[in-house]
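[1] Predicted model follows, preceded by the sequence.
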Amino acid sequence: MSTIIRSSINFHDERFLMFVLDQMANELESKGGKAIRMTLGKSELPLHPDIISSMQEALQTFEKYTLVYPGGLPELKEKLAGHYERKYNVTIKPDNFIISVGTSSVFRNLFYLLLKEGDEVLLPFPYYSLYHFSALLVGAKVRHYKINLDTLALDVESFEQNYTDKTKVVVINTPGNPLGNILTRDELNMIDRIVDGRATIINDEIYANTYFDDKCESVMQLKNTKSQFVTTDAFSKGYRMYSKRVGYAIVPDELVQPLTVIQHHTLLTADPIVQFGAMAALDHQHEVEHLVSIYKMRREYTLEAFRDVEDVRTLPSRGGFYITIDCQRFMGRHNIANSLELATELFQATHVATVPGSDFGLPSMLRLSYSTADYEEGIDRMVQFFKSKR
């Protein structure tokens, strides 16, 4: 008897194509080859030794992890509250931090709480695929507001046109994935004025500590807002704890118990061991600054390397882990149907794994992650690929 899937989601079409390319890299390496991975936003830099030793100590000290805290360790919540006070000069009660395994599950849970079938959710375009898929899971209707691909600024007109009385959740992402765009303070205040308290604004600021050209800011610094804001962040990017899976949401009082109760039943607890590692990570802000300096140089290398490549346009990210290249003219000239086909051909020719832009609604683009030690070599191979196809 075959398994009957009741969901209306087409799971083949909703694949995260990043993992398709990553699997190609896995297969190459299993045969003794070498791939240059520009796929995952997973830093190539090792964890700071203090993070490792903190986790080792917690593992060896039994009493530190016998108690279960479904909403996160009180010590980590306290430390996060102190971090926001020092860095952003904002006061947040420790109880308003909900700790989870990264932010992906937090988004899913928030969408379950804030949306029901038929409600509308307003997402940025391009978007990170998590937002889109979380909306599919709850049966919400997706609308988009645009980020201008030439200026990387918010398209206010598209936001106004697509925000409706049925909109219950608005998602913002700054710095954005995949573009590395940054919403200005004026743009954020404009979004708040348009929403006017009628929907919850979920701010994904997982890249908030990786600004290249601007001072790091948080949406939590906004004053006199009319709307309810929820902020999500994690330790996987700037602190390089990708596989350790520690994320959190900063939520208003009304959402503390519902989110915690969901985790009672579906998570029980995020691993306390890695939460102790997260506490240690907060003591090493200079490590984040070091990572940002490296990735900024890689951005500059990319912009310069592609400057004279015909039919390919590089979008100059202002932050985050990625840079996006527009290959529409190249694909049209060479009859390449979509970004997966382009990424596959590129990988077969160069062994450089990139992310098809279709993951973000950009079928003629590729996203490149700065987070590989062989980044410059990968860029050189890509430039040679595109130039050889003239």
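    Arrived safely, thanks for sending. Numbering: from 1, shown residues only.
[2] what's the average pLDDT for the longest helix along the chain?
    Longest helix of the chain, by residue count under DSSP state H: helix 285-305. Helix 285-305 shows a mean pLDDT of 96.
[3] packing partners for the helix or strand that that helix is followed by?
    As assigned by DSSP states H and E, the chain's next helix or strand after helix 285-305 is strand 313-315. In this structure, strand 313-315 packs against strand 322-326, with contacts taken as 3 or more CB pairs under 8 Å, 6 or more residues apart in numbering; DSSP states H and E. All C-beta spots, glycine's among them, are computed from the backbone N, C-alpha and C.
[4] Residue 331 sits in which helix or strand?
    Residue 331 is part of helix 328-333, with elements assigned from DSSP H and E.
[5] who touches that helix?
    With contact meaning CB atoms under 8 Å, 6 or more residues apart in numbering, helix 328-333 is reached by 310, 311, 312, 336, 337, 342, 364, 365, 386, 389.
[6] And for the closest residue to the fifth one other than its chain neighbours, the neighbour number?
    Of all residues not flanking residue 337 in the chain, residue 331 sits nearest, at 7.8 Å (CB to CB, 6 or more residues apart in numbering). Neighbour count of residue 331, defined by other CB atoms under 10 Å: 20.
[7] do residue 99 as well
    By other CB under 10 Å, 27 other residues sit near residue 99.
[8] which SS state does it fall under?
    Following DSSP: H, G, I helix; E, B strand; the rest coil, we place residue 99 in the strand state.
[9] Same check on residue 368?
    State at residue 368, reduced to three classes by three-state DSSP: strand.
[10] hey, what's residue 172 bridged with?
    With DSSP bridges as the criterion, residue 172 is bridged to residue 203.
[11] Need the CA coordinates for the helix or strand of the chain with the lowest mean pLDDT. PDB is fine.
    When the helices and strands of the chain are scored by mean pLDDT, DSSP states H and E, helix 49-60 comes last with a mean of 92. The C-alpha coordinates for helix 49-60 follow below in PDB (Å, rounded to 0.1, in the frame of the first residue of the first chain):
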ATOM      1  CA  PRO A  49      38.600  27.800  21.400                       C
ATOM      2  CA  ASP A  50      36.600  29.400  24.200                       C
ATOM      3  CA  ILE A  51      33.400  28.300  22.600                       C
ATOM      4  CA  ILE A  52      34.700  24.700  22.300                       C
ATOM      5  CA  SER A  53      36.000  24.600  25.900                       C
ATOM      6  CA  SER A  54      32.700  26.000  27.200                       C
ATOM      7  CA  MET A  55      30.800  23.200  25.600                       C
ATOM      8  CA  GLN A  56      33.300  20.700  26.800                       C
ATOM      9  CA  GLU A  57      33.000  21.900  30.300                       C
ATOM     10  CA  ALA A  58      29.200  21.800  30.200                       C
ATOM     11  CA  LEU A  59      29.300  18.300  28.800                       C
ATOM     12  CA  GLN A  60      31.600  17.100  31.600                       C
END
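[12] Would you mind getting the angle between it and helix 285-305?
    130 degrees (axes from the mean of the first three to the mean of the last three CA atoms, to 10 degrees).
[13] Next, the residues that contact the helix or strand following helix 49-60 from outside, please.
    As assigned by DSSP H and E, the chain's next helix or strand after helix 49-60 is helix 74-88. Helix 74-88 is contacted by residues 71, 90-95, 97, 99, 216-218, 220-221, 248, 275-276, 278-279, 282, 285 when judged by CB under 8 Å, 6+ apart.
[14] coming back round to it: I'd like the contacts of helix 328-333 written out as TSV, with neighbour count added.
    Listed next are these as TSV, based on neighbours: other CB atoms under 10 Å:
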residue	neighbour count
310	11
311	16
312	19
336	20
337	9
342	23
364	19
365	27
386	18
389	14
